[in-house]
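Q: I'd like to go over a predicted model; first the sequence, then the structure.
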2 protein chains.
Amino acid sequence: MAAWGQRLAGVRGVLLDISGVLFDGAEGSGVPIAGSVEAVARLKRSRLKVRFCTNESQKSLGDLVRLLQQLGFDISEGEVTAPAPATCLILKERGLRPYLLIHDGIRSEFDQIDTSNPNCVVIADAGESFSYQNMNKAFQVLMELENPVLISLGKGRYYKETSGLMLDVGAYVKALEYACGIEAEVVGKPSPEYFKSALQEMGLEAHQAVMIGDDIVGDVGGAQQCGMRALQVRTGKFSPLVPGCIFFVVSPSSCGMWEAASAWFDEQCHVRAQDPNQRNTGPPAAERGNLTAQPRGQPCSSFLWSDF
Amino acid sequence: MAAWGQRLAGVRGVLLDISGVLFDGAEGSGVPIAGSVEAVARLKRSRLKVRFCTNESQKSLGDLVRLLQQLGFDISEGEVTAPAPATCLILKERGLRPYLLIHDGIRSEFDQIDTSNPNCVVIADAGESFSYQNMNKAFQVLMELENPVLISLGKGRYYKETSGLMLDVGAYVKALEYACGIEAEVVGKPSPEYFKSALQEMGLEAHQAVMIGDDIVGDVGGAQQCGMRALQVRTGKFSPLVPGCIFFVVSPSSCGMWEAASAWFDEQCHVRAQDPNQRNTGPPAAERGNLTAQPRGQPCSSFLWSDF
């Protein structure tokens, strides 16, 4: 097994997921994950370029950054790649007028968008706004269109709040796809356009960057499909029931970002390979399909370490 | 092209879908589809056995039958095959205690079921009860189970009420399947067990029966997979945008059941083949997949007519 020093050779930048990696959200607030504030500060003191890559779609970019700053993170709006601004660009370019199935917290991002007489649906993590009435309205808009367009801000299955796991937008996208017989266009992770845009902002090539996230499909799989390396932390939605067969987890403790960043600098991290003695039924069928389809590489050869 | 007299040879019984075939529902009420009351009466006067086959899961069986009787239909509870009683049997046989994601109108059907400390989820057409909170509770119950069991009363994509098309349970089943990485067990159409149970109640073999419905997958596809013949009416959720390439529609008018039954007796019906001049983009991708996977037979050979 190659040392971490070899596995991360040539890395010049780090893309950090936010929810479940930097903090666990709660109603209108959140709690930093232990050590993550210091980990971000430490990364920023290093030679690495840092960019924050989120599918957050319950809060506007401004609100999200303000919350993270209040929690102690060194972060500014210009350092964040988020799906709502990219979506607005797409809507304007294609002359699309959306029915917005979104959280009120992000509605201000669409202030400049014409929503009269909708000819598409934009769906994001609407939370409590995923009422039957709102879902049915989106469904009816799509069914009345000759060429139905459904744009989704991410396709996450679930995320973690302090109160527990929460259904994410991906579940509701699947509902509309099935009901209407269509396929959504995903803006945000894991779409290749999202990662390419983030890399462009950093001025890096894919092979020079590593993505750190808690989502095996959205973060790890999406980044790997773009030619990047990726790390999955053990915080957020990470579950020991989903084995580490094709990805890496740094440190067996429950502390995520901090341990990852510390480990890089201290060269003390290790790979958590699949433990045959662990109670582990493997990923469920649907996820197994995603895993084999999306992430690339082998567990012990896709990371090459350097001390930066 | 074979005459209808030949296409329906040997038919001894008719299975009738209810919503979209006999009536279009509305909030707590409904409107009979023109001619359907007379069509049912006429079928019952014939030598044919008649059974009503529904995935209705917003109303209890008693409430549904009372409503249909008020609308003028000759129908009794004993003539209806519905998914809720079958679900209760399954729950008792397997010692399952469900979290019920269902409409309040059908809750009384589960009065005898232990719902403490849930070890499965039962999902039905919950309508307005498909709130984010209720969906998330179902999701959390499933995620906490070692072997998650999701039982669905049908898997319809949508149905028609007088106010328009409405999202059906199938969309929400897909949402939970995706979020949890599982596959639901379907009780009700199009599951083979449902149709076999209805045929058993009628004392008929599959080749002796014809299913009449408005759903190409749930009614037509499910029945054909069981070896039955099937007719799709042009009422309810029927859409001219989904071509009649693998099924039959009786009469080009907008009147469903009545025209179908009349045609059988008058031998004046005709097949609506796919019209190359019709604006027709074909079924959407997801439905096309279902069509090729599920219904059997060729459009001009699967029905053989007799005058009963």
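A: Happy to help now that I have it.

Q: could you pull out the helices in the stretch 1-150 of chain A for me?
A: Along the stretch 1-150 of chain A, counting by DSSP state H, counting those that start in this stretch, helices occupy A:4-7, A:36-45, A:61-70, A:83-93, A:132-143.

Q: quick one, which of these gets closest to B:Lys49.
A: helix A:132-143 (36.1 Å; CB to CB). All C-beta atoms are positioned from the backbone trio N, CA, C, and that covers glycine.

Q: now that closest one: buried residues?
A: Buried positions in helix A:132-143, judged by neighbour count with 16 or more other CB atoms under 10 Å in any protein chain shown: A:Tyr132, A:Asn134, A:Met135, A:Asn136, A:Lys137, A:Ala138, A:Phe139, A:Gln140, A:Val141, A:Leu142, A:Met143.

Q: check which helices and strands the helix or strand following it is in contact with.
A: Using DSSP states H and E, the helix or strand that follows helix A:132-143 in sequence is strand A:150-153. Using 3 or more CB pairs under 8 Å, 6 or more residues apart in numbering or on different chains; DSSP states H and E as the contact test, the elements touching strand A:150-153 are helix A:83-93, strand A:120-123, helix A:169-180, strand A:185-187.

Q: tabulate those (JSON lines), appending mean neighbour count and distance to A:Ile106.
A: Listed next are the helices and strands packed on strand A:150-153 as JSON lines, based on neighbours: other CB atoms under 10 Å in any protein chain shown; distance: least, CB to CB, whole Å:
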{"stretch": "helix A:83-93", "mean neighbour count": "17", "distance to A:Ile106": "6"}
{"stretch": "strand A:120-123", "mean neighbour count": "26", "distance to A:Ile106": "10"}
{"stretch": "helix A:169-180", "mean neighbour count": "26", "distance to A:Ile106": "11"}
{"stretch": "strand A:185-187", "mean neighbour count": "22", "distance to A:Ile106": "13"}
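
Q: next, format the ones you listed as JSON lines and append distance to chain B and mean pLDDT.
A: Formatted as JSON lines, the helices and strands packed on strand A:150-153 follow (distance: least, CB to the nearest CB, whole Å; pLDDT from 0 to 100):
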{"stretch": "helix A:83-93", "distance to chain B": "19", "mean pLDDT": "94"}
{"stretch": "strand A:120-123", "distance to chain B": "12", "mean pLDDT": "98"}
{"stretch": "helix A:169-180", "distance to chain B": "4", "mean pLDDT": "98"}
{"stretch": "strand A:185-187", "distance to chain B": "13", "mean pLDDT": "95"}
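
Q: I'd like to know which of the ones you listed is closest to A:Leu204.
A: Judging the helices and strands packed on strand A:150-153 by CB to CB, what sits closest to A:Leu204 is helix A:83-93, at 18.6 Å.

Q: report the angle between the closest one and helix A:169-180.
A: 40 degrees (axes from the mean of the first three to the mean of the last three CA atoms, to 10 degrees).

Q: okay, helix A:83-93 in PDB with CA atoms only?
A: Output in PDB follows, covering the C-alpha atoms of helix A:83-93 (Å, rounded to 0.1, in the frame of the first residue of the first chain):
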ATOM      1  CA  PRO A  83     -25.600  26.100  -7.700                       C
ATOM      2  CA  ALA A  84     -28.100  28.900  -7.600                       C
ATOM      3  CA  PRO A  85     -26.000  31.600  -9.400                       C
ATOM      4  CA  ALA A  86     -25.200  28.900 -12.100                       C
ATOM      5  CA  THR A  87     -28.800  28.100 -12.400                       C
ATOM      6  CA  CYS A  88     -29.800  31.800 -13.000                       C
ATOM      7  CA  LEU A  89     -27.200  32.000 -15.800                       C
ATOM      8  CA  ILE A  90     -28.700  28.900 -17.500                       C
ATOM      9  CA  LEU A  91     -32.300  30.300 -17.100                       C
ATOM     10  CA  LYS A  92     -31.300  33.600 -18.700                       C
ATOM     11  CA  GLU A  93     -29.300  32.000 -21.500                       C
END
